[in-house]
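Participant: quick one: sequence plus predicted model below, questions after.
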Amino acid sequence: MPETLTPELDQQAIALIRGFAMDAPLHAKSGHQGTAMALAPLAHVLYSRVMRHNPADPAWADRDRFILSNGHASILQYSLLYLAGYGLELPDIKAFRQWGSATPGHPEVGHTAGIEVTTGPLGQGFANAVGMALAERHLRSQFGAEVMQHHTFVLAGDGCLMEGVSHEAASLAGHQGLGNLVCVYDDNHITIDGDTALTYSDDVAGRFQAYGWHVEHLGEIADHCDALEDALLRAKAVTDRPSLLILRSHIGAPSPDLTDRHEAHGNPFTAELVARTKAVMGIPDEPFWAPKELVEAYRMHCAGRGAAAQGEWQQRFDAAGVDAARWHALWSSSGLPGWEDALPKFEQGEKIATRVAIEKAFNASLQGVPGLLAGAADLTGNTGTKLAGQVASTAEVPAGRQVYYGVREHGMGSAMVGMALHGGVLPAGGTFFVFLDYMRPPVRLAALSGAKVVFVFTHDSVGVGEDGPTHQPVEHIATLRAIPGLQVIRPADGNETVAAWQAAVEHAGPTALVLSRQNLTVCTDGTAVVTGAGVVLDTDYPQVVLLATGSEVSLCVEAAAQLQQAGVAVRVVSMPSWDRFLAQPAAYRADVLPAGVPVLSVEAATTFGWARWADDSIGIDRFGASAPGNVVMEQLGINVANVVARATALAENKG
């Protein structure tokens, strides 16, 4: 199998990609053809010459990863997946951006074979690529280059590099010396509003050099396959730092009307403009031109290269004698058989902050969950993400399981999504809950893409205390619960925290753990996490149910004792996870929250959403205040006396 296609097939393939880039948006009455047209030669060279990938096995562990950070140019990637033989056919290309199609408006991982991450929000894919490179380097340190050695290639545009997350991620990548990361910056000088000169005068090369990247100006080679291949191979040869290749492209090329025009970005070409461009390219003016001989030759070429590369890797892998159970645990981001037996248990009445309990759970899992990589955004010791006896992951010590992300919450979250989607690791990253605001995009994208990430949020309420309302999250847990596909757990004590960690490891997607700064009295056996909610304290014929999460469960247990003495029969229910509770059969939910018994919810956060479960709610529908945490809780009504008074009134009114 030749390493390259013939020059004639090269040019036909590029023409096909550019034709699809015009035809599909026109057919869909959408836009974003210009970037795909300009980058057609680059994408062709990547898929047919440079990247190690196998269309017959898109999930091959040691494949090169490709990320289209400027995901609005998705037709570019779909065209290559079609040509290379990843399963897309002409009807899929024609169904671009239509309901139920395999070619949605932006690439979606798990939806279309060959897509590595879900991109669209600019800059996210770039930061995901940093995480993928981190994951590959860590695995290479574990198994050696014979088993794991590949590159992550990412295409990014002006918009990606304007977004703040790119600054955080690029800084992290340079500091880590990720020589397995290659970014091609599509320097086309165009945004939707017009020329980038309107808003953008950064010295991009200087910026990335300052971050510690290898930077190369490629100049005007966007249409020259051999020169593009040489540049990519030079970047691959740089092993001590990530590479940025600055490619001066011309959006909309080779259109005789809209090359280098911002109109080529967001708006579709008209049929007349498409015809004029196809005439310049020398291809028929017919929609979705795809010569059978070209497609067959391209697919045979990619299949041959891919089978050979994977076959050679398989021989090396077999010779390495990799432990099968450990390999499976790594790539499923799960534990070895019986790993949960090592998890700690806490005695009733013991006092421990749930942020401390998660650290004990992490450390008990170091052997049993071999993929665990934990870290934080400059809050490692504060968030329970410090791994005992583990060294930092650095360029010099890539095997380290402790990842220091620095004060880069957004970059950390996005990198962790990339790590998870790369596979082979289970990233857990911590920060204070209020800083969810700095990393919400990757949390949402983790849920959208099903990335198995553990987000550790601590200092979860106004109990933070003296730092005041800027650091006291009140609305944050409600916003997390609104994200589809995100498992959210706010454990009541140490035992529920351990159970929450086990649930996160066993869960297929992302999990947010919402944990306390302050010590909490152990009052559960942890089993409520399994079903999302469970009875902690009961009576034969309850007159009222106290329904709580997190630190407020032990508060409700205290209040229940006073209510019982006053003759009010009380059931206390811990509900650490709304989504897990909703997944239970209706009969179980009715057993926990019986019809006809009034429910009072208690949570040191906004009451928004609690009407779904409760007849009355104690919460905090305002911002907090600066004072000792116990004082703030008391002043804002999160106290035993208020629970007793409100529960008594609820029971009496119902009666």
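Facilitator: Sure thing, it's come through.
Participant: after the helix ranked longest in the chain, which helix or strand is next?
Facilitator: With secondary structure taken from DSSP state H, the chain has its longest helix at helix 292-320. Under the assignment DSSP states H and E, the closest C-terminal helix or strand after helix 292-320 is helix 324-331.
Participant: pLDDT averaged over that next one - what is it?
Facilitator: Helix 324-331 shows a mean pLDDT of 98.
Participant: follow-up on the earlier one: quick check: buried residues in the longest helix of the chain?
Facilitator: 294-295, 297-299, 301-303, 305-306, 309-310, 313, 317 (16 or more other CB atoms under 10 Å). In short, each C-beta sits where N, CA and C put it, glycine included.
Participant: swap in stretch 606-622?
Facilitator: Those would be 606-610, 613-620, for stretch 606-622 by 16+ other CB under 10 Å.
Participant: next one: stretch 44-58
Facilitator: 44-55, 58.
Participant: now it: mean pLDDT?
Facilitator: Average pLDDT, stretch 44-58: 98.
Participant: how long is it end to end?
Facilitator: Its first and final residues considered, stretch 44-58 spans 18 Å by CA to CA, to the nearest Å.
Participant: same question for stretch 450-460.
Facilitator: Stretch 450-460 has an end-to-end distance of 24 Å (CA to CA).
Participant: the closest residue to residue 287 other than its chain neighbours: what's it in contact with?
Facilitator: In space, residue 287 comes closest to residue 23 once its chain neighbours are excluded; the distance is 4.9 Å by CB to CB, 6 or more residues apart in numbering. Counting by CB atoms under 8 Å, 6 or more residues apart in numbering, residue 23 makes contact with 93, 274, 287-288.
Participant: by neighbours, which of the residues you listed wins?
Facilitator: When neighbours are counted by other CB atoms under 10 Å, residue 93 leads the contacts of residue 23 with 23 neighbours.
Participant: mind listing the strands for the stretch 251-400 of the chain?
Facilitator: 351-353, 372-376 (DSSP state E, counting those that start in this stretch).
Participant: which stretch among those comes nearest residue 524?
Facilitator: strand 351-353 (12.5 Å; CB to CB).
Participant: partners of that closest one in the sheet?
Facilitator: strand 519-521 (antiparallel) (DSSP bridges).
Participant: tell me the helix or strand right after the strand it pairs with.
Facilitator: helix 528-531.
Participant: which elements pack onto that next one?
Facilitator: Applying 3 or more CB pairs under 8 Å, 6 or more residues apart in numbering; DSSP states H and E, one finds that helix 528-531 makes contact with helix 494-506, helix 578-582.
Participant: which parts of it are buried?
Facilitator: Of all the residues in helix 528-531, those buried under the rule 16+ other CB under 10 Å are 528-531.
Participant: check stretch 206-224 too.
Facilitator: Neighbour-count burial for stretch 206-224, with 16+ other CB under 10 Å as criterion, is recorded at 207-208, 211-216, 218, 221-224.
Participant: any idea how far apart the tips of that stretch sit?
Facilitator: With CA to CA as the measure, the ends of stretch 206-224 fall 26 Å from one another.
Participant: check the offset of that stretch from the chain's centre.
Facilitator: Averaging C-alpha positions (CA atoms, centre = their mean, to the nearest Å) puts stretch 206-224 27 Å from its chain's average.
Participant: let me have the helices and strands packed on helix 528-531 in JSON lines, extended by distance to residue 447 and mean pLDDT.
Facilitator: Output for the helices and strands packed on helix 528-531, formatted as JSON lines (distance: least, CB to CB, whole Å; pLDDT from 0 to 100):
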{"stretch": "helix 494-506", "distance to residue 447": "14", "mean pLDDT": "98"}
{"stretch": "helix 578-582", "distance to residue 447": "11", "mean pLDDT": "98"}
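Participant: tell me the most buried of those helices?
Facilitator: Sort these by mean neighbour count, taking mean count of other CB atoms under 10 Å, and helix 494-506 sits at the top with a mean of 26.
Participant: name the nearest of the buried residues of stretch 44-58 relative to residue 390.
Facilitator: Nearest member of these to residue 390, counting by CB to CB, is residue 52, at 31.1 Å.
Participant: tell me the contacts of that closest one?
Facilitator: 62-64, 150, 305-306, 309.
Participant: same thing but at 6 Å, please
Facilitator: 64, 309 (CB atoms under 6 Å, 6 or more residues apart in numbering).
Participant: got a markdown table for the helices and strands packed on helix 528-531, with distance to residue 163 too?
Facilitator: Listed next are those as a markdown table, based on distance: least, CB to CB, whole Å:
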| stretch | distance to residue 163 |
| --- | --- |
| helix 494-506 | 29 |
| helix 578-582 | 30 |
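Participant: so which of those comes closest to residue 256?
Facilitator: Comparing those by CB to CB, helix 578-582 comes nearest, at 54.3 Å.
Participant: who touches that closest one?
Facilitator: For helix 578-582, the surrounding residues in contact (CB under 6 Å, 6+ apart) are 481, 487, 532-533.
Participant: alpha carbons only: can I get it in PDB?
Facilitator: In PDB, the C-alpha atoms belonging to helix 578-582 read as follows (Å, rounded to 0.1, in the frame of the first residue of the first chain):
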ATOM      1  CA  TRP A 578     -32.200  13.900  42.700                       C
ATOM      2  CA  ASP A 579     -31.300  12.200  39.500                       C
ATOM      3  CA  ARG A 580     -30.600   8.900  41.100                       C
ATOM      4  CA  PHE A 581     -33.900   9.100  43.000                       C
ATOM      5  CA  LEU A 582     -35.800   9.900  39.800                       C
END
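Participant: quick one: distance of whichever helix or strand comes after it to the chain centre.
Facilitator: Downstream of helix 578-582, the next assigned helix or strand under DSSP H and E is helix 586-592. Distance, stretch centre to chain centre, for helix 586-592: 33 Å (CA atoms, centre = their mean).
Participant: which strands or helices does helix 586-592 pack on?
Facilitator: For helix 586-592, not one helix or strand is in contact under the criterion 3 or more CB pairs under 6 Å, 6 or more residues apart in numbering; DSSP states H and E.
Participant: and it, which residues are buried?
Facilitator: 589, 592.
Participant: could you dump that helix to PDB, C-alpha only?
Facilitator: In PDB, the C-alpha atoms belonging to helix 586-592 read as follows (Å, rounded to 0.1, in the frame of the first residue of the first chain):
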ATOM      1  CA  ALA A 586     -42.400   5.000  41.300                       C
ATOM      2  CA  ALA A 587     -43.200   2.500  44.000                       C
ATOM      3  CA  TYR A 588     -39.900   3.100  45.800                       C
ATOM      4  CA  ARG A 589     -40.200   6.800  45.500                       C
ATOM      5  CA  ALA A 590     -43.700   6.700  47.000                       C
ATOM      6  CA  ASP A 591     -42.400   4.500  49.800                       C
ATOM      7  CA  VAL A 592     -39.700   7.100  50.700                       C
END
